[in-house]
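Asks: coordinates for the following, if possible.
(chains A and B, ligands or ions: 2)
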Amino acid sequence: MNTTSNNVSVQGVIANLAKQFRANIQTYAIIVAMIFIWILFAIATGGRYLSAQNVSNLIRQMTVTSFLAVGMVLVIVTGGIDLSVGKVAGFVSVIVAQFQANIWNKILPGQELLTTILSVVVGLGIGTLVGAIQGYIISYLAVPSFIVTLGAQWAFNGGILIVTQGKTIPANQPLFSWIGQGYLKPIAGWVVALGVIVLLFYTMFNSRQKKRRYGFELSPLYMDVLKTALYSVLILVYVVVVNSFNGVSIPVLLLAISAVVMAYVSNNTRFGRYAYAIGGNREAARLSGVNIKKNVFSIFVVMGLLCGVSGVVLASYIGYGTVAAGQGYELDAIASCILGGTSTLGGEGTVFGAMVGALIMASLTNGLQILNVPSSWQYVVKGIVLILAVYTDVYFKKNR
Amino acid sequence: MNDENTVIDAQVAKVNTPAGDDIILDFRNVTKTFPGVVALRDVSLQIKRGEIHGICGENGAGKSTLMKILSGVYPWGTYEGQVFIEGQELRLESSSIRQAIEAGIAIVYQELTLVPGITVGENIFLGKEPLERGVINWDKLYADTQRLLEEYKLDIHPQALVKNLGVGKMQMTEIAKALSENARILILDEPTSALAEAEIEKLMEILRTLKEHGVTCIYISHKLNEFFAITDTITVLRDGRVITTQPTRNLTVEKLVSYMVGREMTERFPESHRQPGEVVLEVEDLHAVDPEEPSREVLKGVSFNLRKGEVLGIAGLMGSGRTELAMTLFGEYGKITRGTVKLEGRPISPKSSRDAMMHGLSLVPEDRKRHGLVLIQSILRNISLPNLDRFATWYKIDDNAELKASRTFAQSLAIKAPHLNVQCNTLSGGNQQKVVISKWLMSNPKVLIMDDPTRGIDVGAKYEIYKLINDLTAQGIAIIMISSDLEEVLGMSNRVMVMHAGRSAGTLDITEATQERVMALATGIA
Ligand SMILES: Nc1ncnc2c1ncn2[C@@H]1O[C@H](COP(=O)(O)OP(=O)(O)OP(=O)(O)O)[C@@H](O)[C@H]1O
Ligand SMILES: [Mg+2]
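Replies: Ligands and ions are numbered 1, 2, ... in the order given. Model (predicted):
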C-alpha cells in the first residue's frame, strides 16, 4: 500500500500543489491569462460576458477553427505548417452545401437522413483526399509543406469560386442544420457529463492499479483525486451553465471528441510519439527506425480529415456555402497552437494547449464584439495579444 | 554588440591572492545549482599561470559546468561564490559570451558548436570577420584560416563545409577556432573524445607549444593516460565537490581512478568467456560511394565476417571509413556499388535504418547530438523510441512496461538524473551518451554495431558498459565495436579488423593483436 496518501498534511498538500504548478508553469500561465481576460471582460460588460447565453455562444463560436487547430498541433510538432486548412474547410463547406441544395433533392428526394449522412461522408471524404494528396507531395515528393499548402490555399480559393459561382448556396435543411446548430436535450447533456466523469475516475484508479502492480511509486492519492475532481467540476459547471440556456451544443461535443481522441493519439500511440520525435530531431528519429515519410503523410491525412469535419460543421453552422467560407481560419488555427505553447521549431506542443489557445482567441473576439469594438481594432488587439503571449512564454523559458 | 563596453566589469575588486602572483585563476566557494541538481558544491580551486591543469571526474561530476562559468554560459549572478582572474573578480554579463574572450578565455566545448551549413573559415572567424570598408574581406579570411590550419598542421580545407567533415575534423576545427583567439587561458572540454590516436598526438604537440608560449590550459578528459602525458596538476571532482588537487607526478592512474569513483578499481575490462558460434554476418568486398557525391568512393573493398556471440573490434585512423561502414551497413549513408552483405546466409541490402532494424541490426551512432538523441525529449522517450514496437499495439503504448524496461537500463548504466522524465539536454555529455547506448541495448538485435560507444564516458561507467556487452554476447548477439580507443578495442574484442583508406587492411585474432601491429595496419605501413 502506498504510504504517502495516508498521512495527508496541509503543508504536504500545498507543497505538492506548488510542485505541480512549477512543473507545468507554462500551461498554468496561459490558463491564468485566460481567466484574467474573462474577468476583464466580465467587468467591462457589466457581467453580460459571463451570462449563460454568452458562454454558450463563445464556446460554440470557437469550434469551427478549433477542429483545424486540433490537427494543426501535430503538423507544427513535426516541423511543418499547413496554410491551406481554412480554404480546404471552406471548399468542403461549399461542396457539401452544393450537395444539400442542388444534388440530393434530384437523385435522392425525400431521404433526409440518408442524404445528411451522405453529405457528411462526402465532406469528410473530400477533406481526407485533399490531405492525402498534399501529404503525398510533402512527404514522398519532398516539397516543403509551406509551399505546398500555400499553393493549395490559392487553388482551393479558386475552387470555392468555381463551385459557388460567386453566389450563396443555402444548406439549411433541418437535420443537416442539427450538426452545426443543434443541442443535446438537458437530460442527455447530464448523461453524457456523468458518463465522462465516471470514465475519468475509472481511468485514474485503473492507471494507479496498474502502476502499483508494476511496483512504481504513485503520486499521492489525493493529488490524483483532486485533479480528476477538478476536471469533473469543470465539466459539470459547463453543463449547468449551458443547460440553463439551450443545452450542450452538438459542434462543441464533436470538438471535444476530436480533441480527446487526438490528445490520446499524440501521447499514447506510436504515431503520436513518432511525430514528436520527428519534430525534435528528424535524423535521430530516422536512425531510430521511424518511417518519417509515412508518418508525415499520415499526419496530413488526419489534418485533411479534420478539415473535412470543420467544413461540414461550417456549412451546417452558418447554413449556407459562401465565397468567403474559411477565409483566414488557418491563421486562427495556427495562432491557437502557438498561444497554447506549440513550438514553431517543432517537437513541442499539446492538443490541450491548443484548445486553451483557441478559447483565448474566441474569448477575445467575443468580448470585443460585445463591447462593440470595430473589427479593425479587434485585429489590432488580437495581434498584440499573440505577440505578448509568445513573449511571456519565451521569458518564462529563459528564466526557468 | 558594443565592443567598448565588453571588457571585464570596471568595478573589479583588487584582492590579494594568497598563493602569490602566479595564480591566474582562482575559484572561491563556487556553488551552482539547477532545479533538482546541485552541479557544483562549494568548489575552491586555483590554477597557476602557464600550467596545464587537468580536471577529471565521473559523468555529471560538474566539470563542464565549472568551465561554463568561466566562459560566460552561466554568467555572474547565476552562481554563488567568486571567480578571480589575475586577482580581479570575473563578472561576466548574461548573453555576452564575447566578454570572456576579451578577458582572454577561449573554450572548446564538449559538444560541438560549429554551424554545419557554412565553411571552416567562416566558422573560425564567426563574429570577428575581417572587414574592409564594412564588407567582409573573404580573401583575407580564407588566407588567415589557411595560415592558422597550416601553423598547427591540420589537414582541413578552409572552404570545406563543416557538415561534410567527420566528427574528428569538426573537433579539430573547433580547436583551431579557439586557438585563433590568442587567449591567455585555453579550456578544452574533452577535446579528444572524438579523436583517434594520431590526432590526439597532434593535439598534445600543439598544447606543449602553447605552454612554451605561456598559455594556461585547463584540460578535461576521460582518457586518463592523457593527463599523465601532458598535465602538470590534476584536480578531481566528484558529485560537484573538489576531492583533491595534486601535482601530476604524485599520482598514478590507479590513484586517480579511486579518487574519481570513490573506491578501488582493479581492472579496466571485465572478464569474459565468450564462445563465438556460427557466422551471422558476412561482408564481402563492399564498395560504396557518397550518395551526394557519387564520384567519391568511401568504401573501397571491405570484407569481414562476424560470429554469433563475439565482439569484432574495428580500428583505424580518422577518415579510414569506419563510420561510413557502420552507416552503410545500417542502410543510412553509402550507396553500395559492389560487394555483398549476407545476414545468416541470406543477402540483404537495407535501404533505411528501419529496414536494417527489421533485419535485426542496430546501430549506436557516432554523433549523439545529431543522430543519437532527441535532445528536447526526456530520457524515457529517447530510450524507448526505437523500441516502441514491443510495448505497443496499434492503439496503445503500455507506458508502464515502457518505463520499467527503460529504468532497468538507465539503472544498470547509472545514468545520473533525478528521474527519467528529465530532458536530455540538461544531462552531462557522458550521461547523454549512456542514454544513446541504453536505447540500442534495449533493441535486442542480432547484430549490434557500436560506433565509438564509450565516447566521453567515465571509467566506472565504461566498465558497466563492457559488462553489458559481455551479457549480450552471452545471449548470442554479435557485436561490431568501432573505437578510437585502441586499448578498448584490444581489451574487448575477439578479433580486430583494421581499416585503412576505406579498405579492410587486415583482421587480427586478439591473441596476435598488439598496439604496434594494429597501428602498422592502420597507417598502411604493413
Ligand atoms: N542546464 C541544466 N539543467 C539541469 N541540470 C543540469 C544542466 N546542466 C548540467 N546539469 C546537471 O549538472 C550536473 C553536472 O553536469 P556537467 O555537465 O558539469 O557534468 P560533467 O562533469 O561535465 O560530466 P561529463 O563527464 O558527462 O561531461 C549533471 O548532473 C547534469 O545533469
Ligand atoms: Mg562534461
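Asks: after the helix or strand harbouring A:Lys106, next one along is what?
Replies: According to DSSP states H and E, A:Lys106 maps onto helix A:104-107. Sequence order places helix A:112-135 as the next helix or strand after helix A:104-107, per DSSP H and E.
Asks: for that next one, C-alpha coordinates in CSV please.
Replies: Provided in CSV are the C-alpha atoms of helix A:112-135 (Å, rounded to 0.1, in the frame of the first residue of the first chain):
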residue,chain,number,x,y,z
GLU,A,112,-33.3,13.4,-45.4
LEU,A,113,-31.5,11.0,-43.0
LEU,A,114,-29.6,9.3,-45.8
THR,A,115,-28.7,12.4,-47.6
THR,A,116,-27.4,14.1,-44.4
ILE,A,117,-25.2,11.1,-43.7
LEU,A,118,-24.0,11.1,-47.3
SER,A,119,-23.2,14.8,-47.0
VAL,A,120,-21.1,14.1,-44.0
VAL,A,121,-19.4,11.3,-45.8
VAL,A,122,-18.7,13.4,-48.9
GLY,A,123,-17.3,16.2,-46.7
LEU,A,124,-15.0,14.0,-44.7
GLY,A,125,-14.0,12.2,-47.8
ILE,A,126,-13.0,15.3,-49.7
GLY,A,127,-11.1,16.6,-46.8
THR,A,128,-9.2,13.4,-46.3
LEU,A,129,-8.4,13.1,-50.0
VAL,A,130,-7.1,16.6,-50.1
GLY,A,131,-5.0,15.9,-47.1
ALA,A,132,-3.7,12.7,-48.7
ILE,A,133,-2.7,14.5,-51.8
GLN,A,134,-0.9,17.3,-50.0
GLY,A,135,0.7,14.8,-47.6
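Asks: buried ones in that helix?
Replies: By 16 or more other Cβ atoms under 10 Å in any protein chain shown, the buried positions in helix A:112-135 come out as A:115-116, A:118-120, A:122-128, A:130-132, A:134-135. All C-beta atoms are positioned from the backbone trio N, CA, C, and that covers glycine.
Asks: hey, C-alpha coordinates of the helix or strand bottoming out on mean pLDDT in chain A in PDB?
Replies: Here the helix or strand of chain A ranked lowest by mean pLDDT, DSSP states H and E is helix A:10-23, holding a mean of 76. Taking Å, rounded to 0.1, in the frame of the first residue of the first chain, the C-alpha atoms of helix A:10-23 are listed here in PDB:
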ATOM      1  CA  VAL A  10      -1.800  20.600   4.900                       C
ATOM      2  CA  GLN A  11       1.800  21.600   4.200                       C
ATOM      3  CA  GLY A  12       2.200  18.400   2.200                       C
ATOM      4  CA  VAL A  13      -0.800  19.200   0.000                       C
ATOM      5  CA  ILE A  14       0.400  22.800  -0.600                       C
ATOM      6  CA  ALA A  15       3.900  21.700  -1.300                       C
ATOM      7  CA  ASN A  16       2.700  19.100  -3.800                       C
ATOM      8  CA  LEU A  17       0.400  21.600  -5.500                       C
ATOM      9  CA  ALA A  18       3.200  24.100  -5.700                       C
ATOM     10  CA  LYS A  19       5.500  21.500  -7.200                       C
ATOM     11  CA  GLN A  20       2.800  20.500  -9.700                       C
ATOM     12  CA  PHE A  21       2.300  24.200 -10.600                       C
ATOM     13  CA  ARG A  22       6.000  24.800 -11.100                       C
ATOM     14  CA  ALA A  23       6.400  21.800 -13.300                       C
END
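Asks: quick one, domains of the chain?
Replies: No chain specified, so I'll use chain A. A:25-182+A:249-398, A:183-248 (automatic domain parsing).
Asks: my question was about chain B, not that one.
Replies: Following automatic domain parsing, one gets these domains for chain B: B:7-104+B:183-261, B:112-180, B:267-360+B:446-526, B:373-444.
Asks: same list (those) but as a markdown table, adding mean neighbour count, mean pLDDT and distance to A:Pro251.
Replies: Output for the domains of chain B, formatted as a markdown table (neighbours: other Cβ atoms under 10 Å in any protein chain shown; pLDDT from 0 to 100; distance: least, Cβ to Cβ, whole Å):
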| stretch | mean neighbour count | mean pLDDT | distance to A:Pro251 |
| --- | --- | --- | --- |
| domain B:7-104+B:183-261 | 18 | 86 | 42 |
| domain B:112-180 | 17 | 89 | 46 |
| domain B:267-360+B:446-526 | 19 | 92 | 40 |
| domain B:373-444 | 20 | 93 | 26 |
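Asks: assign B:Ala106 to helix, strand or coil.
Replies: strand (DSSP: H, G, I helix; E, B strand; the rest coil).
Asks: what residues does the stretch 351-500 of chain B put near chain A?
Replies: B:352-354, B:357, B:363, B:365, B:370-377, B:381, B:385-386, B:388-389, B:392, B:394-397, B:399-401, B:403-404, B:439 (Cβ under 8 Å from any Cβ of the partner chain).
Asks: so how far is A:Thr342 from A:Ala275?
Replies: Distance of A:Ala275 to A:Thr342, given as Cβ to Cβ, to the nearest Å: 12 Å.
Asks: mutual contacts of those two, please.
Replies: A:Val77 (Cβ atoms under 8 Å, 6 or more residues apart in numbering or on different chains).
Asks: neighbour count: these two, which is higher?
Replies: When A:Ala275 and A:Thr342 are compared for neighbours, A:Ala275 comes out ahead with 31 against 27, by other Cβ atoms under 10 Å in any protein chain shown.
Asks: my read: that one touches A:Ile299, true?
Replies: Yes: the criterion here is Cβ atoms under 8 Å, and A:Ala275 meets it with A:Ile299 at 6.1 Å.
Asks: overlap in contacts of the two?
Replies: A:Leu74, A:Thr78.
Asks: how long is stretch B:474-493 end to end?
Replies: 14 Å (Cα to Cα, to the nearest Å).
Asks: how far is it from where the chain is centred?
Replies: Per Cα atoms, centre = their mean, to the nearest Å, the displacement of stretch B:474-493 from the mean C-alpha position of its chain is 18 Å.
Asks: right, and chain A sits closest to which residue of the stretch 201-350 of chain B?
Replies: Of all residues in the stretch 201-350 of chain B, B:Glu332 sits closest to chain A, at 6.5 Å by Cβ to the nearest Cβ.
Asks: after the lengthiest helix in chain A comes which helix or strand?
Replies: When chain A is parsed with DSSP state H, its longest helix is helix A:186-214. As assigned by DSSP H and E, the chain's next helix or strand after helix A:186-214 is helix A:221-243.
Asks: and whichever helix or strand comes after that next one, how far from the chain's centre?
Replies: The first helix or strand that comes after helix A:221-243 along the chain, using DSSP H and E, is helix A:250-268. From the chain centre to the centre of helix A:250-268 is a distance of 7 Å (Cα atoms, centre = their mean).
Asks: show me which residues of helix A:250-268 are buried.
Replies: Buried-residue list, helix A:250-268, by 16+ other Cβ under 10 Å: A:250-256, A:258-259, A:262-263, A:265-266, A:268.
Asks: contacting residues around B:Val261?
Replies: Shown in contact with B:Val261 (Cβ under 8 Å, 6+ apart): B:Glu58, B:Arg238, B:Asp458, B:Val459, B:Gly460.
Asks: ok, now how distant is it from ligand 2?
Replies: Per Cβ to the ion, to the nearest Å, B:Val261 is found 16 Å from ligand 2.
Asks: near ligand 1 at all, the one helix or strand B:Thr473 maps to?
Replies: In the assignment (DSSP H and E), B:Thr473 maps to helix B:459-474. No: Helix B:459-474 lies out of reach of ligand 1 by Cβ under 6 Å from any ligand atom, never closer than 8.9 Å.
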